[in-house]
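Chemist: Make a model of this:
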Amino acid sequence: MSEANKFAEHQQYRVSDFLNLPASEDEEIDIEGMAYTDYYVWIFGSHSYKRKKPKPDQSDQKNVSRLAKIEIEFNRYILGRIP
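Modeler: You can find the predicted model right below:
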């Protein structure tokens, strides 16, 4: 395979095929990092709360209120190893 086409045959995999996720597989994992070592791919989630982003057209008070609301998505709290 030529150097120009080395990513042409990529494949997608469902994380839920390899790991038991704490929540529905439809919920975001928000993968923050990946590593490959000893024939395993390690993934880890953000381990953070989910917040809405501030909007430039809204007042500071409304944006602080938006930022104060947090959501917990359990799939963000994963550390997994996939063979």
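Chemist: Helices of the protein, start to end?
Modeler: 60-68 (DSSP state H).
Chemist: what sits up against the lowest-mean-pLDDT helix or strand in it?
Modeler: When each helix and strand of the chain is scored by mean pLDDT, DSSP states H and E, strand 50-51 comes last, with a mean of 90. Under the criterion CB atoms under 8 Å, 6 or more residues apart in numbering, residues 28, 30, 66-67, 69-73, 76 lie in contact with strand 50-51. C-beta coordinates here come from the backbone N, C-alpha and C atoms, glycine included.
Chemist: repeat that for 10 Å
Modeler: For strand 50-51, contacts defined as CB atoms under 10 Å, 6 or more residues apart in numbering pick out 28, 30, 66-73, 76.
Chemist: Most neighbours out of those, which is it?
Modeler: Counting neighbours by other CB atoms under 10 Å, R76 leads the contacts of strand 50-51 with 22 neighbours.
Chemist: List the contacts of the closest residue to that residue other than its chain neighbours.
Modeler: Excluding the flanking residues, the one nearest R76 by CB to CB, 6 or more residues apart in numbering is G45, at 4.3 Å. For G45, the contacting residues are 21-22, 28-33, 73-80, by CB under 10 Å, 6+ apart.
Chemist: Can you give me the distance of W42 to I78?
Modeler: 11 Å (CB to CB, to the nearest Å).
Chemist: Just list the residues touching the residue positioned nearest the centre of the chain, thanks.
Modeler: In the chain, the residue lying closest to the centroid (CA atoms, centre = their mean) is D30, at 1.4 Å. By CB under 10 Å, 6+ apart, the contact list for D30 reads 44-48, 50, 73, 75-78.
Chemist: Which pair of those spans the longest distance?
Modeler: The largest separation in these, counting by CB to CB, is between F44 and K50 at 16.2 Å.
Chemist: Comparing those two, which residue is more hemmed in?
Modeler: Neighbours per residue, other CB under 10 Å: of F44 and K50, the larger number sits with F44, 17 against 13.
Chemist: pLDDT weak spots in this structure?
Modeler: 1-3 (pLDDT under 70).
Chemist: Which stretches in it count as strands?
Modeler: 31-37, 40-45, 50-51, 70-71, 79-82 (DSSP state E).
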